[in-house]
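> When you get a sec, could you give me coordinates for this:
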Amino acid sequence: MLRDDYLLRLIEQIGRVIARIRELLLKGEVVRDTELKEAAAAAGQDLGLLRLVTTETLSSMLSPTGRTDATKSVLVAELLFADLLIVRSEGDEAAVQDRLAKIQAMLSAAARDEDPVRRSLVKQRIAALLEMAAQEGVTLTN
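Next up, the predicted model:
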């Protein structure tokens, strides 16, 4: 449970990074991914690797034993959403589609977590992510 609490705090931190990215984009400013890379590293993730791997490989990386962890899945979904906002601002439609596919896979994985406690812990973050996506005109389903 302590690990889940730590991951939830990281997810909230990433949520704040997303809010800052959105704010900068609304002001028309150029957004650098430095802060996002730092947040990813703090969460034990390599943003560059998340960008490079296929959706299938990402799913395997996060569930090497076949057992899904909703907290990790949502954490990665939020990182990828923040990255989606950046690549969309750069006009990279192929990268946007790649991030969308990966985010959907992560949200689907979170829903398959067999641990009801973990699923309930991330339920609020998933709802917040879906709301932010809708505000950005990005269609995600849970």
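> Please count neighbours and contacts with C-alpha atoms only from this point.
Will do.
> pLDDT weak spots in the chain?
Counting by pLDDT under 70, the low-confidence segments of the chain come to 1-4, 7.
> mind listing the helices for it?
Listed in chain order, the helices of the chain (DSSP state H) span 2-26, 34-42, 47-52, 55-62, 70-89, 93-112, 116-135.
> got the buried residues for the second one?
Spelled out, it's helix 34-42. 36-37, 39-40 (16 or more other CA atoms under 10 Å).
> Ok, the first one next?
With burial defined by 16+ other CA under 10 Å, the residues of helix 2-26 counted as buried are 4, 7-8, 10-11, 13-15, 17-18, 21-22.
> and the residues you listed as JSON lines, adding distance to A77?
Below are these laid out as JSON lines (distance: CA to CA, whole Å):
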{"residue": "D4", "distance to A77": "16"}
{"residue": "L7", "distance to A77": "13"}
{"residue": "L8", "distance to A77": "13"}
{"residue": "L10", "distance to A77": "12"}
{"residue": "I11", "distance to A77": "10"}
{"residue": "Q13", "distance to A77": "13"}
{"residue": "I14", "distance to A77": "10"}
{"residue": "G15", "distance to A77": "11"}
{"residue": "V17", "distance to A77": "13"}
{"residue": "I18", "distance to A77": "12"}
{"residue": "I21", "distance to A77": "16"}
{"residue": "R22", "distance to A77": "16"}
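> related to what we said a few turns ago, out of the helices of the chain, which gets nearest to N142?
Of all the helices of the chain, the one in closest proximity to N142, counting by CA to CA, is helix 93-112 (6.0 Å).
> hang on, the earlier thing: tabulate the helices of the chain in a markdown table, adding columns for distance to N142.
Below are the helices of the chain laid out as a markdown table (distance: least, CA to CA, whole Å):
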| stretch | distance to N142 |
| --- | --- |
| helix 2-26 | 17 |
| helix 34-42 | 23 |
| helix 47-52 | 21 |
| helix 55-62 | 16 |
| helix 70-89 | 11 |
| helix 93-112 | 6 |
| helix 116-135 | 8 |
